[in-house]
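Can you look at this prediction? I've put the sequence above it.
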Amino acid sequence: MEPPAGPASTRHVPWNRLVLAVSLLTFWTPPTTAQLTIETVPPRAAEGSDVLLLAHNVTKNPLGYAWFRGETVDHSQLITSYRVDINVTTNGPTHSGREALYPNGTLLIQSVTQKDTGSYMLLVTKNDLQTERQTGHLHVYPVLPRPIITSNNSNPWEHEDTVVLTCGPETQNTSYMWWISNQSLPKSTRLELSEDKRTLTVFNVTRKDTGPYVCEARNPVGISRSDPFTLDVLYPVARPPLQASNTTVPEHEGPVVLSRLTDETGVSIRWLFKGQSLLLADRMTLSSDNSTLTIDPISREDAGGYQCEVSNRGNSRKSGPLRLRVTWQENARALDVGAITGIVIGVLLVLMPLAVLGCFIFLHSSCLTRY
Ligand SMILES: *[C@@H]1O[C@H](CO)[C@@H](O)[C@H](O)[C@H]1NC(C)=O
Ligand SMILES: *[C@@H]1O[C@H](CO)[C@@H](O)[C@H](O)[C@H]1NC(C)=O
Ligand SMILES: *[C@@H]1O[C@H](CO)[C@@H](O)[C@H](O)[C@H]1NC(C)=O
Ligand SMILES: *[C@@H]1O[C@H](CO)[C@@H](O)[C@H](O)[C@H]1NC(C)=O
């Protein structure tokens, strides 16, 4: 839409006076047949859009038009006026630079703001110098920002805390709606919407209240939805029982699968070996959720106590240790009993005569020294 051109001129009869003179005459004017009407297009405008105040049923061959803010002929409120005979547009004190008047009496307002909300009056001067007036209305609504859900408690404990979720920011003439997990709100005594539906209270949260929650803000010119919001509900994690595919394994064999038996969700899992954080060797693999540990093949270093620790943001629990035994054969061959006996006897056979001889020598020499 191009606003009509036409520089304002001050050389001609001031429009103000003409309008004033004419408006006094209007008082005695009998009603005309075709009623002048104003149509606002669109009737509900979004901030920033262009709006037309269309003049319908305008009298034939009018002398001029004048648009005013408000509902009265008040020259301090003149937006713009147009004289048909000389094709001249004159802007008034309330012209913001965004308004344009077409030769058919229609007013264009570009990039409307909320301040443009209100009444607009068109005064038409007919060729018999009588006037006709009509008022139109414009309502400009804000373009809704994307709403954001906030919680008054970011660490609520299951069965203990009541959480208030708020859809913000607050904007006037906006209605709100909520969804939980893509469903409209279920009937529940634990859910309560405020009167304006902007806040949702969840009483005594449970881990099933995680969501995600989505809120929607809606006004006459638009709809905007929040990003999904997840409520992190804290709860005591259960002690995780551990299970092994086998607990006594020959070395170099496998696999041995250690697994956590519970399937609590929303927890993180850590493995411990001999009380320390497990260092993953190449032989070891963890499942994607860390709930099973596979060792293949088994090495003798893998013997010991395994624990798994389950935690959420609230707390953590360790399983009792599960002991893994690894068996293996000694590399050095054990000497058999017979061989050992033979050696012992052999040694004795050699040593005995020497001992006897030694004793004899000892006794003999002591005899010699004594006598
Ligand atoms: C124009 O005036 C006639 C007669 O009063 C009326 O029937 C018609 O609805 C009007 N048109 C508009 C667009 O207001
Ligand atoms: C007046 O002229 C403008 C611009 O050409 C047009 O958009 C508008 O529809 C016209 N008004 C009426 C009532 O036809
Ligand atoms: C959140 O609001 C609820 C309801 O008003 C209240 O019971 C609860 O204590 C609030 N939580 C926090 C952390 O302020
Ligand atoms: C909200 O709507 C009412 C009724 O339609 C209206 O009177 C009020 O001016 C509107 N407020 C805003 C800020 O648009």
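The structure has been received and is ready for your questions. Ligands and ions are numbered 1, 2, ... in the order given.

wait, does stretch 85-103 contact ligand 2?
Yes - using C-beta under 6 Å from any ligand atom, stretch 85-103 reaches ligand 2 at Tyr102. Just so you know, the C-beta spots here come from the backbone N, C-alpha and C atoms, and that holds for glycine as well.

how long is that stretch end to end?
In stretch 85-103, first residue to last residue: 11 Å (C-alpha to C-alpha, to the nearest Å).

what do you get for stretch 65-77?
End-to-end distance for stretch 65-77: 14 Å, by C-alpha to C-alpha.

Would you mind checking the average pLDDT for that stretch?
Average pLDDT, stretch 65-77: 95.

So is it next to ligand 2?
No - Stretch 65-77 is not in contact with ligand 2 by C-beta under 6 Å from any ligand atom; minimum separation 11.2 Å.

how far away is Thr247 from ligand 4?
72 Å (C-beta to the nearest ligand atom, to the nearest Å).

right, and that residue touches Arg325 too?
Yes - in this structure Thr247 lies within contact range of Arg325 using C-beta atoms under 8 Å: 6.3 Å.

if I pick the nearest residue to Glu160 once chain neighbours are set aside, what's in contact with it?
Closest residue in space to Glu160, ignoring its immediate chain neighbours: Asn204 at 7.2 Å, by C-beta to C-beta, 6 or more residues apart in numbering. Going by C-beta atoms under 8 Å, 6 or more residues apart in numbering, Asn204 touches 159-162, 190.

show me the contacts for Glu170.
Arg198.

for the residue nearest to Glu160, helix, strand, or coil?
coil (DSSP: H, G, I helix; E, B strand; the rest coil).

State the phi and psi torsions of it.
phi 40, psi 70 (degrees, to the nearest 10).

what's the pLDDT at it?
96.

so how far is Tyr213 from it?
Distance of Asn204 to Tyr213, given as C-beta to C-beta, to the nearest Å: 17 Å.

how much space between Gln114 and ligand 1?
The separation that Gln114 has from ligand 1, given C-beta to the nearest ligand atom, amounts to 28 Å.

what's the burial count for that residue?
Residues lying near Gln114 (other C-beta atoms under 10 Å) number 12.

so what's it up against?
Contacts of Gln114 (C-beta under 8 Å, 6+ apart): 47, 140-142.

Rebuild these as CSV, extending it with pLDDT.
Below are the contacts of Gln114 laid out as CSV (pLDDT from 0 to 100):
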residue, pLDDT
Glu47, 94
Val140, 95
Tyr141, 93
Pro142, 91
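
quick check, nearest of the residues you listed to Thr106?
The closest of the contacts of Gln114 to Thr106 turns out to be Val140 (C-beta to C-beta; 18.1 Å).

Isn't that closest one up against Gly118?
No - the criterion here is C-beta under 8 Å, and Val140 misses it with Gly118 at 9.1 Å.

ok, the two, which is more surrounded?
Using other C-beta under 10 Å, the more surrounded residue of Val140 and Gly118 is Val140, with 20 against 12.

What score does Pro43 have for pLDDT?
Confidence score, pLDDT, at Pro43: 89.

and the residue nearest to Met284 when sequence neighbours are not counted, how many neighbours?
Spatial nearest neighbour of Met284, chain neighbours left out: Ile295 (5.2 Å); criterion: C-beta to C-beta, 6+ apart. By the criterion of other C-beta under 10 Å, Ile295 has 23 neighbours.

most surrounded residue in the contacts of Asn204?
Asp161 (16 neighbours).

how about the longest strand along the chain, does it get close to ligand 2?
When the chain is parsed with DSSP state E, its longest strand is strand 131-141. No - judged by C-beta under 6 Å from any ligand atom, strand 131-141 makes no contact with ligand 2; its nearest approach is 11.8 Å.

who in this protein is up against ligand 2?
So far as C-beta under 6 Å from any ligand atom goes, the chain lies against ligand 2 at 54-56, 102, 104, 106.

quick one: which of those residues is nearest ligand 3?
Leu54 (50.3 Å; C-beta to the nearest ligand atom).

Pull the contacting residues for the closest one.
By C-beta under 8 Å, 6+ apart, the neighbours of Leu54 are 38-41, 106.

at 10 Å instead, please
37-41, 102, 104-108, 122, 136 (C-beta atoms under 10 Å, 6 or more residues apart in numbering).

ditto for Ala238
Shown in contact with Ala238 (C-beta under 10 Å, 6+ apart): 262, 264, 267, 310, 317.

Recalculate using a threshold of 7 Å.
Contacts here follow C-beta atoms under 7 Å, 6 or more residues apart in numbering; on that basis Ala238 touches 262, 264, 317.

any idea how far the residue nearest to Glu160 is from ligand 2?
60 Å.

picking up where we left off before, just the pLDDT for the residue nearest to Met284.
pLDDT at Ile295 comes out at 95.

is it true that Ala34 touches Asn57?
Yes - contact criterion C-beta atoms under 7 Å: Ala34 and Asn57 qualify, at 4.4 Å.

what bits of the chain have low per-residue confidence?
For the chain, the stretches flagged by pLDDT under 70 are 1-33, 331-371.

just the strands in the stretch 201-350 of the chain please.
213-219, 222-225, 242-244, 248-250, 256-260, 268-273, 276-277, 284-286, 292-295, 304-311, 316-318, 322-327 (DSSP state E, counting those that start in this stretch).

strand partners of the last one, parallel vs antiparallel please.
Sheet pairing of strand 322-327 (DSSP bridges) gives strand 248-250 (parallel), strand 304-311 (antiparallel).
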